[in-house]
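> What would the 3D arrangement of this be:
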Amino acid sequence: MKLIPIPAFDDNYIWMLHDGRRALVVDPGDADPVLAALQQGGLTLEAILVTHHHGDHTGGVDILRQRTGAQVFGPERERMPEPLQRLRDGAVIQPLGLRFEVLLVPGHTAGHIAYVGQIPQEDPVLFCGDTLFSAGCGRLFEGTPAQMLDSLTRLAALPDATRVCCAHEYTLSSLRFARTVEPDNTALQAYQARAQAQRQKHLPTLPSSIGLEKAVNPFLRTHLPGVAHAVQQMAPSAHDPVSVFAALRTWKDQF
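Next up is the predicted model:
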């Protein structure tokens with residue numbers, strides 16, 4: 001299976017997974033780069049997976065469905081381009097004959113979902129939309145800090161080797177903030193150097209991995225004393241896990 005990030009707009013990635021003949025895509029906000037990739041690879045689009053309702057993730061769904069006949073999957077409780085198969089937490093789908101489990105991960109939006117795919121003889125793959133970014137997480141547009149913390153904790157419990165396919169190339173900006181929170185984190189320092197080298201070559205920094213994110217992502221590390229202490233310098237009343245996370249997210253919003 002080939003895993004490809006297709007650039008779209010200024011910083012989106014539309015993820016494509018294909019076996020040389022059949023393909024699926026995730027969060028196609030724009031149909032044109034997907035159609036170009038299908039034509040270039042001689043691929044047939046069989047499935048479209050959508051994580052949440054924002055237009056930069058759904059804008060190309062109707063055209064792709066009409067052009068290819070691909071089946072569309074999306075969250076149970078969000079406004080979606082119809083028709084599609086709506087998915088609840090724990091659902092299992094099998095596009096391309098692969099097993100994907102659906103995880104409800106509210107926070108960025110109220111009904112955001114993620115897909116965890118099991119690929120024979122390869123590491124698992126996580127399509128997490130705008131819930132988890134490399135060294136960061138999504139803004140809380142519709143959910144609460146408690147919901148987002150729970151969602152990220154759920155993702156962090158996946159196997160360390162799980163490939164993390166975020167929907168935006170936010171890595172360098174997220175790393176600048178993460179270094180402010182944990183300036184002495186050597187894993188962060190090394191990752192920032194690697195990510196900068198990738199972007200200087202105009203290459204994606206993604207996919208990341210769950211193991212790497214647990215080492216560098218402050219939003220997955222709020223339970224650690226060093227991160228909590230850094231947050232408390234900005235928000236002295238933040239002591240429990242949810243208030244520390246909420247203060248960290250507010251700090252990032254203002255960074």
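> Point out where the stretch 151-255 of the chain drops to low pLDDT.
Judged against pLDDT under 70, the stretch 151-255 of the chain has no low-scoring part.
> So which residues of it form helices?
All helices of the stretch 151-255 of the chain, identified by DSSP state H, counting those that start in this stretch, fall at 171-181, 186-200, 210-216, 225-234, 241-253.
> Adding mean neighbour count and distance to residue 5, write those helices out as JSON lines.
Just so you know, the C-beta spots here come from the backbone N, C-alpha and C atoms, and that holds for glycine as well. Converted to JSON lines, the helices of the stretch 151-255 of the chain look like this (neighbours: other C-beta atoms under 10 Å; distance: least, C-beta to C-beta, whole Å):
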{"stretch": "helix 171-181", "mean neighbour count": "20", "distance to residue 5": "12"}
{"stretch": "helix 186-200", "mean neighbour count": "15", "distance to residue 5": "12"}
{"stretch": "helix 210-216", "mean neighbour count": "20", "distance to residue 5": "16"}
{"stretch": "helix 225-234", "mean neighbour count": "15", "distance to residue 5": "29"}
{"stretch": "helix 241-253", "mean neighbour count": "20", "distance to residue 5": "23"}
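> want to throw the ones you listed into a markdown table with distance to residue 82?
Shown next, in a markdown table, are those (distance: least, C-beta to C-beta, whole Å):
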| stretch | distance to residue 82 |
| --- | --- |
| helix 171-181 | 34 |
| helix 186-200 | 38 |
| helix 210-216 | 33 |
| helix 225-234 | 42 |
| helix 241-253 | 33 |
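> Which of those helices sits closest to residue 120?
Across the helices of the stretch 151-255 of the chain, residue 120 has its closest neighbour in helix 210-216 (19.4 Å, C-beta to C-beta).
> Can I get that closest one in PDB, CA atoms only?
Output of helix 210-216 as PDB, limited to C-alpha atoms (Å, rounded to 0.1, in the frame of the first residue of the first chain):
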ATOM      1  CA  ILE A 210       2.200   8.200  17.900                       C
ATOM      2  CA  GLY A 211       5.500   7.400  19.600                       C
ATOM      3  CA  LEU A 212       7.100  10.600  18.300                       C
ATOM      4  CA  GLU A 213       4.100  12.700  19.300                       C
ATOM      5  CA  LYS A 214       4.200  11.400  22.900                       C
ATOM      6  CA  ALA A 215       7.800  12.600  23.000                       C
ATOM      7  CA  VAL A 216       7.400  16.000  21.500                       C
END
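> Summarise which helices and strands that helix is packed against.
For helix 210-216, the packing partners by 3 or more C-beta pairs under 8 Å, 6 or more residues apart in numbering; DSSP states H and E come out as helix 145-156, strand 163-166, helix 186-200.
> ok so, going back, can you tell me which of the helices of the stretch 151-255 of the chain comes nearest to residue 7?
For residue 7, the closest of the helices of the stretch 151-255 of the chain is helix 186-200, at 12.4 Å, according to C-beta to C-beta.
> Including distance to residue 128, could the helices and strands packed on helix 210-216 go into a markdown table?
As requested, the helices and strands packed on helix 210-216 are exported to a markdown table (distance: least, C-beta to C-beta, whole Å):
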| stretch | distance to residue 128 |
| --- | --- |
| helix 145-156 | 6 |
| strand 163-166 | 6 |
| helix 186-200 | 18 |
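> coming back round to it: select, out of the helices of the stretch 151-255 of the chain, the one closest to residue 71.
helix 210-216 (27.9 Å).
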